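[1] Here you go, sequence then predicted model.
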Amino acid sequence: MQIMLQIDPVKRRIIDGAEELFLKYGIKTVTMDDIARFLSMSKKTIYHYFKDKNEIVNTVSTTHLEKERLKIESVQNSSKNAIEELLQLSKCIRENINGVNPTVFHDLKKYYNESWDIYMHYRSHVFYYSILSTLKNGIKNGYFREEIDPEILAILRMEEIQMLFNSEAFPRNKYDFKVVQQQFADHFIHGILTTKGKKIYSRYLTKMKNNETSN
């Protein structure tokens with residue numbers, strides 16, 4: 001996937017506006033009229049840039065996931081070690097899921113096959129390999145246990161994140177998604193740490209709590 005660096009500002013506005021509506025209300029329920037009304041723009045203008053809603057959904061999916069890829073790349077380049085990588089990636093996930101309608105993935109899978117394929121490609125070619133790389137580096141540097149299978153645990157971590165959007169398992173009127181995500185991440189990380197890793201992880205948690213208290 002390649003991010004569109006040179007893009008007409010009106011087209012960019014349509015993409016950003018549609019993304020905001022999709023994440024808030026789900027994809028299926030948002031109409032072209034809704035997008036036009038939200039942007040105070042005529043449908044004629046929207047159709048000048050996009051032939052239909054399906055094309056908008058595909059474009060939003062591509063650009064959104066490219067932004068996610070760049071975030072992951074930034075985290076991996078700036079983190080001091082594998083533990084910090086996992087913590088920073090978990091923080092990105094918490095920020096991303098805040099306010100996201102859990103029907104988004106259901107809508108993609110059921111009604112927008114091309115966009116679902118875009119997401120699955122990202123999941124298996126970007127997200128999976130980023131987690132796999134982090135786990136392998138953590139094992140190499142003595143932070144994660146040598147006996148873990150990084151390929152299996154990379155898949156487990158992806159499935160945990162996907163499960164966050166299962167409204168039957170975690171209905172939003174009962175569970176705070178940020179808390180659920182934090183519980184998942186803490187459980188996952190504790191299960192792979194060596195004694196050396198536990199000491200570093202504990203220091204990071206203390207630092208994070210202190211930062212939250214000061215803010």
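    Received the coordinates, thanks. Residues are numbered from 1 along each chain as shown.
[2] Report the rounded mean pLDDT for stretch 77-91.
    On average, the pLDDT along stretch 77-91 is 92.
[3] Identify all contacting residues around that stretch.
    Contacting residues not belonging to stretch 77-91 are listed as 72, 75-76, 130-131, 134-135, 137-138, 141, 143-144, 181-182, 185, 188-189, 193, 197, 200-201, 204, 208 [C-beta atoms under 8 Å, 6 or more residues apart in numbering]. Where you see a C-beta, it was placed from the backbone N, CA and C, and this is true even at glycine.
[4] Over to the nearest residue to Lys11 once chain neighbours are set aside: give its phi and psi.
    Excluding the flanking residues, the one nearest Lys11 by C-beta to C-beta, 6 or more residues apart in numbering is Tyr49, at 4.7 Å. Main-chain torsions, Tyr49, degrees, to the nearest 10: phi -100, psi -30.
[5] In ChimeraX, how would I select just the buried ones from the contacts of stretch 77-91?
    Per 16 or more other C-beta atoms under 10 Å, the buried members of the contacts of stretch 77-91 correspond to this ChimeraX selection:
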select :72,75,76,130,131,134,135,137,138,143,144,181,185,188,189,193,197,200,201,204
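[6] ok, now which ones touch the residue nearest to Lys11?
    Tyr49 neighbours (C-beta under 8 Å, 6+ apart): 8, 10-11, 14.
[7] Please confirm that Tyr175 is located within a helix.
    No. The assignment for Tyr175, made by DSSP: H, G, I helix; E, B strand; the rest coil, is coil rather than a helix.
[8] I'd like the distance between it and Ala169.
    9 Å (C-beta to C-beta, to the nearest Å).
[9] Which of the contacts of Tyr49 scores worst on pLDDT?
    Ranked by pLDDT, the contacts of Tyr49 bottom out at Asp8 (89).
[10] how near is the closest residue to that one other than its chain neighbours to Ser40?
    Closest residue to Asp8 apart from its sequence neighbours, by C-beta to C-beta, 6+ apart: Tyr49 at 7.2 Å. Tyr49 is 16 Å from Ser40, where distance means C-beta to C-beta.
[11] Asp149 too?
    Distance check for Asp149 against Ser40: by C-beta to C-beta, it reads 53 Å.
[12] out of the two, which sits in the busier spot?
    Between Asp149 and Ser40, counted using other C-beta atoms under 10 Å, the more crowded position is Asp149 (10 against 7).
[13] Against Ser61, how distant is that one?
    In terms of C-beta to C-beta, Asp149 sits 31 Å off from Ser61.
[14] give me phi/psi at the residue nearest to the spatial centre of the chain?
    With distances taken as C-alpha atoms, centre = their mean, the residue of the chain nearest its centroid is Ile93 (5.2 Å). In terms of degrees, to the nearest 10, the main-chain angles of Ile93 are phi -60, psi -40.
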